[in-house]
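Chemist: got a structure for you, letters missing:
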């Protein structure tokens, strides 16, 4: 028996492998070693005994010194990247304008990182706060996270990519990083593949929740690019600054972030329902409206995703449910250290959700 199988056999129950058709004593393993010497990882296929298809695929470091690079790759799994296609400048412009409007309210649905190093951060989306500030030395790489108002490939190259390349040139004289992927805004144009990649969606507790969030985002974007609620001219005119301010509020408060900009709400066909005795519209209120309208318009498959989205709208994003399970509040308990036994209990529950494909309900 090889080391991989020994580990899986010893940890079979803890890893919840049964839903994948893997049973203790009835697994086989194939180790694939890349033929080129520069490879840093080994790929492992784990199969149910006597079955031709792998149930799990894993990567292992080839040498001890390569563990750090694999850990960095695993860290990237904290986010779900959504790539949406376009063809030509006109489609790019419509899609880019719509995505810019939706980015600030994504934490209200998808925030899932309220704890860092065992402490309550005071934010529901600590991952995005780190994302927002991780390129301070070269501020042009991330900008203000919300992309600038650029709607052609030529303008994008001139106003976004070229400034990044110029700033990096002293450290990259050979131009190794002169590629569109070095741009780290919350949505980046991938002209090489004809898509825009949204990067601000935290990973959820199970793939069904990831897909529900993605379905809601796609459903709204389809209506925006069709001018269902507002005209292109109005969508394209929104500056970066108010969108960035709203994103910052969402990083802190998620679904409770207040939206006081009636012009922004109008772009989604939402009329403020406040007034005497009623509070401001929140990002959660807006998403409830957007999910209802997308389902009614047929751009969101309510039969498939409706229950999961309703649970998020009613109970809050995963970050809020994690805080509730820990008995804490993001703002009131900022800086509080959570005992490890409580963290283990909650994260064991999250692992159970992942293994069973279920929603996390504290």
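Modeler: Done, it's in. None of the values given here were measured: they were computed from a predicted structure.
Chemist: which strands and helices lie in contact with the helix or strand in which residue 47 is found?
Modeler: Remark: residue 47 resides in strand 41-48, with elements defined by DSSP states H and E. On a contact count with 3 or more CB pairs under 8 Å, 6 or more residues apart in numbering; DSSP states H and E, strand 41-48 meets helix 3-10, strand 27-32, strand 56-61. C-beta: built from backbone N, CA, C; applies to glycine.
Chemist: which residues sit against the first one?
Modeler: The contact list for helix 3-10, computed with CB atoms under 8 Å, 6 or more residues apart in numbering, reads 1, 15, 17, 22, 24-25, 27-29, 31, 44, 46, 58, 60.
Chemist: now do that helix and strand 41-48, the angle between them.
Modeler: Comparing the axes of helix 3-10 and strand 41-48 via axes from the mean of the first three to the mean of the last three CA atoms, to 10 degrees yields an angle of 50 degrees.
Chemist: buried residues in helix 3-10, which are they?
Modeler: The neighbour-count check on helix 3-10 (16 or more other CB atoms under 10 Å) flags 4, 8-9 as buried.
Chemist: okay, now the unreliable bits of this protein?
Modeler: 1, 33-39, 69-78, 272-278 (pLDDT under 70).
Chemist: domain parsing for it?
Modeler: 3-62, 74-356 (automatic domain parsing).
Chemist: any chance of these in JSON lines, plus distance to residue 362?
Modeler: Listed next are those as JSON lines, based on distance: least, CB to CB, whole Å:
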{"stretch": "domain 3-62", "distance to residue 362": "19"}
{"stretch": "domain 74-356", "distance to residue 362": "4"}
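Chemist: now for those domains, which one comes closest to residue 68?
Modeler: Of all those, domain 3-62 sits nearest to residue 68, with 8.7 Å by CB to CB.
Chemist: next, the distance between the ends of that closest one.
Modeler: Using CA to CA, to the nearest Å, the end-to-end distance of domain 3-62 comes out at 13 Å.
Chemist: now that domain, how far from the chain's geometric center?
Modeler: With CA atoms, centre = their mean, to the nearest Å as the basis, domain 3-62 stands 27 Å off its chain's centre.
Chemist: same check on stretch 238-251?
Modeler: The answer for stretch 238-251 is 17 Å, by CA atoms, centre = their mean.
Chemist: which of the residues in it are buried?
Modeler: 238, 243-244, 246-251.
Chemist: sitting in helices, which of these do you find?
Modeler: 243-244, 246-251 (DSSP state H).
Chemist: need those residues in a markdown table with distance to residue 326, can you?
Modeler: As requested, these are arranged in a markdown table below (distance: CB to CB, whole Å):
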| residue | distance to residue 326 |
| --- | --- |
| 243 | 31 |
| 244 | 30 |
| 246 | 27 |
| 247 | 25 |
| 248 | 24 |
| 249 | 23 |
| 250 | 21 |
| 251 | 19 |
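Chemist: let me know the closest of the residues you listed to residue 303.
Modeler: residue 250 (28.5 Å).
Chemist: apart from its neighbours in sequence, what residue is nearest the closest one?
Modeler: residue 107 (3.8 Å; CB to CB, 6 or more residues apart in numbering).
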